[in-house]
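J.: Just a sequence and a predicted model for now, questions to come.
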Amino acid sequence: MNPTYIMDDTQWQNLIQNVAHNFNDLTIKRGFQYFKQGRVHSFTMSGPDHIEAVVEGTEDYSIKINIESFSANHCNCPVTANCKHIIAVLLEYANLQDRSVHALVNAHSAAMFKQVTKPSPHTAANRSIIQTPLQKAEASAKLKEQASHLSTKPISEWYELFEQCITPLGMKIPNGQYAQNALASIYTIKPQLSPVMELLFHLQVHLFVLKKLVKPLQKSENISNFYMGFHTQVAADDVLAEIERTFLNKLPLPTEPENWPYMKETLKGLRNDMLIEPQNLQYFLDVYNQLWSHWIYPNHIGSEMYLEELEHLQSAKDELGTSLSRLPWMLAQSWMHFYLTQDELSWALLKVGDKIYTIHPNHLYHFLSILMQTEEWARLTEWLIQIGPLLSSNRNSNLHQYWSYWETTIQYHPEAEQSMWATLVSMLPLSRNIYEEKLLNHGKWKQWMDYQLSTGREPLDYRVTVFQPVEKHAPELLLPFYHQAVERYVVQKNRDSYKLAVKLLKRLSKLYKKLKQEARWELFIASFVTRYSRLRALQEELRRGKLIS
């Protein structure tokens, strides 16, 4: 949903300056990760300068933002202000306003950046790459002539040509500007290609640049973890996003069967990169996955290619030894078994991987997405049951997407509903928020109230609007919930707790009236006042609340 209030260019520039002034790069980077993971919920604007939202972190944090006065911003996390949760909400705001998220992400570093003095073009380091206009024209013509034969050359030779295109750029900082310049240089030599080769060229150019951003920084001796600079990560994310958009184009391989060897060479290169990629990156794992799901799976009939890929993956364990990145290796095998409808083998690999590594929810949703597209509802139900516990071990999971798969499945396969509720219960407490929300949405008022009573939740933890559907359809269920909380507040024996008790007692009074049980209310409040007659502060609050005279 787009914001109610739209900001103009002046407000946008002020927002960038405020972010630059109030947040450091590390906080912005962490907030950016939260934004990308979809942790921002309940985004609302009560005015042109005021934002409220909830951010899913160690717990759900409430954020209030004044765009014009950052000193008034507040988050109920331990940091309270200028935290990653506020950044995540601001990035969500920018995205909803169709503004550049990366302009905010780069705000602080751009403000602090000082222009480095460029070396003279006459220094020895630069003298070798200086070219006259004529030399540049000749070099460009030569590269274009070589590129005209790309459709007859293996992809390994494409990369050699790409390398020549970017050589004049010299050694640059691996950031967004470098990536843009490299892509522009390569596209100057792109020849006319068939539809399949056009898409493969686009994919390979971006894979080449992605490797230029990531590969020089990797250390093969430390495959388990790896640090990537902030601006390099932003650039790599942008290149990956373009690759993902490329896969949305249908690859018409049946019309060009002669180009299957290029697909297999692409697959081989991705497999090699994926299996030695640090496990905290997974760029090439994502591309490998999408290559199968978008281009190979829709175009390939039969099991031979999946079995062949399993052989390659299994032999890689001995070939790569300690350089093998085990999580991508296990996920890739799981995908192959899935395509072969060997679901139990696929689940077994996922469960083993989950015990040792953290599997990103997107890699689990991959299976569900394909089954939904193919409308295999009974099989999708079984996968939802198996995937649920794996998600419950990941504290950062956003279960709304998981729930949406259940909702669609039940629409076409009603028999799955009982399994859905059982699975959500088994995933508690991680599934608490989504479980409570959907119990209300499905009109399961008693189950929702039983859960509140069993977990010791307080009515004042919720907004009044949460109780409106229960109060409308089953108001009697609220009585024990309110009564239990009133007694708990009184036992605390302090002024603040007495005020909270009176607040709930006033709700109870209205509830009994709605139920047409005023006599029962009068009996209860008289007994309550007598029972706590020695608590003078409580008696005072009851009078202030006009519950007694």
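T.: Nice, I can see it.
J.: So residue 452 sits against residue 480, correct?
T.: No - contact between residue 452 and residue 480 fails when scored by C-beta atoms under 8 Å: they sit 9.6 Å apart. C-beta here means a position set from N, CA and C on the backbone, and glycine is covered the same way.
J.: Compare neighbour counts for the two and give me the winner.
T.: A direct count of neighbours by other C-beta atoms under 10 Å for residue 452 and residue 480 places residue 452 higher, at 22 against 13.
J.: name the element the more buried one belongs to?
T.: In this structure, residue 452 is located in helix 445-455 according to DSSP states H and E.
J.: ok, residues contacting that helix?
T.: Contact partners of helix 445-455, identified using C-beta atoms under 8 Å, 6 or more residues apart in numbering, comprise 432, 435-436, 439-440, 469-470, 473-474, 477-478, 480-481, 484.
J.: what's the strand or helix carrying residue 522 in contact with?
T.: Assigned by DSSP H and E, residue 522 belongs to helix 518-531. Contact partners of helix 518-531, identified using C-beta under 8 Å, 6+ apart, comprise 505, 508, 509, 512, 513, 539, 542, 547, 548.
J.: centre of the chain versus that helix, how much separation?
T.: Taking C-alpha atoms, centre = their mean, to the nearest Å, one finds the center of helix 518-531 at 51 Å from the center of the full chain.
J.: Now do that helix, average pLDDT.
T.: Taken as a whole, helix 518-531 has an average pLDDT of 94.
J.: One more: stretch 426-433?
T.: 85.
J.: which of the residues in that stretch are buried?
T.: Using 16 or more other C-beta atoms under 10 Å as the test for burial, stretch 426-433 gives 427, 430, 431, 432, 433.
J.: residues in contact with the third one?
T.: Residue 431 sits next to 388, 392, 399, 424, 425 when contact means C-beta under 8 Å, 6+ apart.
J.: phi, psi of it?
T.: Here is the backbone geometry of residue 431 (degrees, to the nearest 10): phi -90, psi 10.
J.: can you check the first one too?
T.: For residue 427, the backbone dihedrals (degrees, to the nearest 10) come out as phi -90, psi 0.
J.: what are the ranges of the helices in the stretch 351-500 of the chain?
T.: Taking DSSP state H, counting those that start in this stretch to define them, one finds helices in the stretch 351-500 of the chain at 361-373, 377-392, 399-412, 417-426, 432-441, 445-455, 464-473, 478-492, 495-514.
J.: likewise the stretch 201-350 of the chain?
T.: Under DSSP H, counting those that start in this stretch, the stretch 201-350 of the chain gives helices at 230-247, 260-275, 283-290, 304-320, 326-339, 343-356.
J.: and residue 59, which of the ones you listed is closest to it?
T.: Among those, helix 343-356 comes nearest to residue 59, with 23.1 Å by C-beta to C-beta.
J.: Report the buried residues of that closest one.
T.: Neighbour-count burial for helix 343-356, counted by 16+ other C-beta under 10 Å, picks out 343, 345, 346, 347, 349, 350, 353, 354.
J.: From residue 234, how far out is the residue most central in space within the chain?
T.: The residue lying closest to the centre of the chain (C-alpha atoms, centre = their mean) is residue 37, at 2.1 Å. From residue 37 across to residue 234, the span is 16 Å (C-beta to C-beta, to the nearest Å).
J.: what does residue 159 give?
T.: Distance, residue 159 to residue 234, by C-beta to C-beta: 24 Å.
J.: Name the residue in these two with the higher neighbour count.
T.: Per other C-beta under 10 Å, whichever of residue 159 and residue 234 has more neighbours is residue 234, with 21 against 16.
J.: Wait, that one touches residue 103, no?
T.: No - judged on C-beta under 8 Å, residue 234 makes no contact with residue 103 at a distance of 11.0 Å.
J.: Following the record's annotation, map out the domains of the chain.
T.: 9-112, 138-300, 464-544 (automatic domain parsing).
J.: Format the ones you listed as JSON lines; extra columns: distance to residue 444.
T.: Shown next, in JSON lines, are the domains of the chain (distance: least, C-beta to C-beta, whole Å):
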{"stretch": "domain 9-112", "distance to residue 444": "22"}
{"stretch": "domain 138-300", "distance to residue 444": "35"}
{"stretch": "domain 464-544", "distance to residue 444": "10"}
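J.: So for residue 410, which of these sits nearest?
T.: Among the domains of the chain, domain 464-544 sits nearest to residue 410 (C-beta to C-beta), with 20.1 Å.
J.: Now stretch 310-319: average pLDDT?
T.: The average pLDDT within stretch 310-319 is 93.
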